[in-house]
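Novice: Need a 3D model of the following:
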Amino acid sequence: MTVPKISRIDWRPCWRLIPSRFPPTGLFDRVANPADLGVVFAIEALTNDRLRDEAGEISLVAAADRISGPGTTPIMAAFTHLNPEGSRFCDGSYGVYYAAKDIDTAIAETCFHRKRFMAATQQAPLEIDMRSYASDLNADLHDIRDLQVEMPDIYDADTGNYAAAQALARQLRADGADGIVYSSVRAAGGECVAVFKPRLLAPVKQGAHYCYVWDGRQISAVYKKELYHPGV
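Specialist: Numbers count the residues shown, from 1 in each chain. Model (predicted):
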C-alpha cells in the first residue's frame with residue numbers, strides 16, 4: 001500500500017449534521033476530566049440503562065484520545081456508537097467522525113445517505129430534522145484530495161464498494177494515523193474528513209437546524225429552521 005502524504009488541516013470550523021433525535025448533551029458533557037470517564041461510566045451504568053445506551057461503548061476509545069466537558073458528547077458519540085454496516089472509511093469495528101469543510105458539503109453528503117436509507121426502507125413522505133455542529137479541527141491527516149483518477153477504488157460512488165477505502169483506513173488507523181482528508185464524493189469541489197481520534201476536535205457548537213423533505217422518492221427540498229422575529 002502506498003501511504004498518502006500528510007497535510008496539516010486547520011478548519012475553523014468543520015461541519016457535521018446528524019438527526020436531531022440524538023441528544024446534544026450527555027455523560028461526556030458532565031465529566032470535567034477525561035481521565036475519569038471510565039470510572040464514572042462504570043458506576044453510572046450499573047444502575048442506569050438509559051445512560052449506558054446513550055453513552056455507547058466507551059472502551060472503543062483509547063483513554064488518551066477521550067475528551068469530556070461541554071460540547072463533547074456529539075464528538076464522542078461518533079466513536080462509541082458503531083455503525084455495523086460500516087461506511088467509506090470504517091468497516092464497522094471502530095468509530096469515525098465525518099465532517100465537511102463547509103455546511104453545503106455536509107448537507108450534500110448527508111442528503112445522499114438519508115435518501116438512500118429512506119428509499120431502502122420505503123418510507124412514506126416525511127420531514128427529517130437535522131442538527132448541525134461546528135467544531136474546530138487542527139490535525140495532520142493523510143491527504144487524498146483530488147486523487148479520484150489515481151484512486152478510483154477509494155472514491156467509488158457505489159456504497160456497496162467500500163472495501164478498498166475501508167482497507168486503506170484500517171491500515172492507516174492501525175499505524176496510528178489521525179485520519180483522512182478527501183474530496184467529497186457527493187458535492188463537487190467539496191472537502192471532507194474522516195477523523196480517527198476525538199481529541200483532535202474542539203468541543204462542538206450547535207449550529208442551525210435543517211429539514212430534509214422526503215417526498216417518497218427523493219429529498220426534494222432542504223430548508224433551514226430559524227426563529228420567527230415579529231416585525232423583522
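Novice: Check which helices and strands the biggest strand by length in the chain sits against.
Specialist: With secondary structure taken from DSSP state E, the chain has its longest strand at strand 126-143. Of the remaining helices and strands, those touching strand 126-143 by 3 or more Cβ pairs under 8 Å, 6 or more residues apart in numbering; DSSP states H and E are strand 6-19, helix 103-120, strand 179-183, strand 191-195, strand 205-214. C-beta coordinates here come from the backbone N, C-alpha and C atoms, glycine included.
Novice: Take the ones you listed and lay them out in CSV including mean pLDDT and distance to A167.
Specialist: As requested, these are exported to CSV (pLDDT from 0 to 100; distance: least, Cβ to Cβ, whole Å):
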stretch, mean pLDDT, distance to A167
strand 6-19, 97, 19
helix 103-120, 95, 21
strand 179-183, 99, 13
strand 191-195, 99, 14
strand 205-214, 96, 31
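Novice: My guess is S87 contacts I180. True?
Specialist: No - the pair S87 / I180 is not scored as a contact, 11.9 Å apart, by Cβ atoms under 8 Å.
Novice: More neighbours: which of those two?
Specialist: More crowded of S87 and I180, by other Cβ atoms under 10 Å: I180, with 26 against 17.
Novice: rewinding a little: and the helix or strand just after the longest strand of the chain, what's buried?
Specialist: Downstream of strand 126-143, the first helix or strand assigned by DSSP states H and E is helix 163-174. Going by neighbour count (16 or more other Cβ atoms under 10 Å), the buried part of helix 163-174 is 165-166, 168-169, 172-173.
Novice: what's the answer for stretch 198-206, then?
Specialist: Neighbour counts over stretch 198-206 (16+ other Cβ under 10 Å) mark 198-204 as buried.
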